[in-house]
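Engineer: Have a look at this prediction, sequence included:
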Amino acid sequence: MYRNIVKPTFDFLAAFFGLIILSPIFVIVTIGLMIANKGTPFFFQKRPGKNERIFSIIKFKSMNDKKDLEGHLLPDAQRLTKIGAFVRKTSLDEIPQLINILKGDMSLIGPRPLFERYLPFYTAREKLRHTVKPGITGLAQISGRNFLGWNERLEMDVKYAKELSLRLDIQILTKTVINVLKAEKVEIIPGKLGNPLDIDRSRTIKK
């Protein structure tokens, strides 16, 4: 009952009222990023959700589109704006995903939706992460976020999918709030802490 009725209902109500309460911050951040990025404040990307159904995730765009003389995007560290760094550190970049929850693509709590190109690199067990909706926060995020290795991180996702319960969700939500207030375990520069899953496991296969 909790998994199929209570949790989806709570997700919708939390996202709906969350957007209303956070609307002043939403507007301020949107305007700030429009100026900093000289364009769109939002970032859209295809991600696999429940049952590997592809959807477009919505996030605040923390990096601009500056390119080098050859037309290639500059490294992430050079494109990360000051307001973008602040937005990432405070996890404000996750606010637009409340829209994904209203649309039914995501849940408040669940495995983070990763890149579509990672799909061929999951083990049969790790594919269980897609038996539940992806979330804004999850067991892996409160246990170390991107500071965890891929094997540990994906095992946390599987653990959540198999043990999903009201008690577990309350624990994750409580720890998430604490981490956000303390600004703990936040990766400011994307990809700085390790290789993407596809590159990491391609190297393992070659070895």
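Structural biologist: Structure's in. What do you need?

Engineer: Quick check, Pro96 in contact with Phe60.
Structural biologist: Yes: contact criterion Cβ atoms under 8 Å: Pro96 and Phe60 qualify, at 6.0 Å. In short, each C-beta sits where N, CA and C put it, glycine included.

Engineer: any residues in contact with both of these two?
Structural biologist: Both Pro96 and Phe60 are in contact with Phe42, where contact means Cβ atoms under 8 Å, 6 or more residues apart in numbering.

Engineer: Now do the helices in the chain.
Structural biologist: Under the criterion DSSP state H, the chain contains helices at 7-37, 76-79, 82-89, 97-103, 139-142, 150-163, 166-182, 197-206.

Engineer: Any chance of JSON lines for these, columns mean pLDDT?
Structural biologist: Below are the helices of the chain laid out as JSON lines (pLDDT from 0 to 100):
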{"stretch": "helix 7-37", "mean pLDDT": "95"}
{"stretch": "helix 76-79", "mean pLDDT": "82"}
{"stretch": "helix 82-89", "mean pLDDT": "88"}
{"stretch": "helix 97-103", "mean pLDDT": "97"}
{"stretch": "helix 139-142", "mean pLDDT": "92"}
{"stretch": "helix 150-163", "mean pLDDT": "96"}
{"stretch": "helix 166-182", "mean pLDDT": "91"}
{"stretch": "helix 197-206", "mean pLDDT": "76"}
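
Engineer: Restricting to C-alpha, output stretch 90-101 in PDB.
Structural biologist: Taking Å, rounded to 0.1, in the frame of the first residue of the first chain, the C-alpha atoms of stretch 90-101 are listed here in PDB:
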ATOM      1  CA  THR A  90      23.100  24.500  -1.400                       C
ATOM      2  CA  SER A  91      21.300  21.800  -3.600                       C
ATOM      3  CA  LEU A  92      19.000  24.500  -5.000                       C
ATOM      4  CA  ASP A  93      19.700  23.100  -8.500                       C
ATOM      5  CA  GLU A  94      17.400  20.200  -7.600                       C
ATOM      6  CA  ILE A  95      14.300  22.400  -7.100                       C
ATOM      7  CA  PRO A  96      13.100  22.200 -10.800                       C
ATOM      8  CA  GLN A  97      12.900  18.400 -10.400                       C
ATOM      9  CA  LEU A  98       9.800  19.000  -8.300                       C
ATOM     10  CA  ILE A  99       8.200  19.500 -11.700                       C
ATOM     11  CA  ASN A 100       9.400  16.000 -12.700                       C
ATOM     12  CA  ILE A 101       7.600  14.700  -9.600                       C
END
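
Engineer: Sweet, I'm off.
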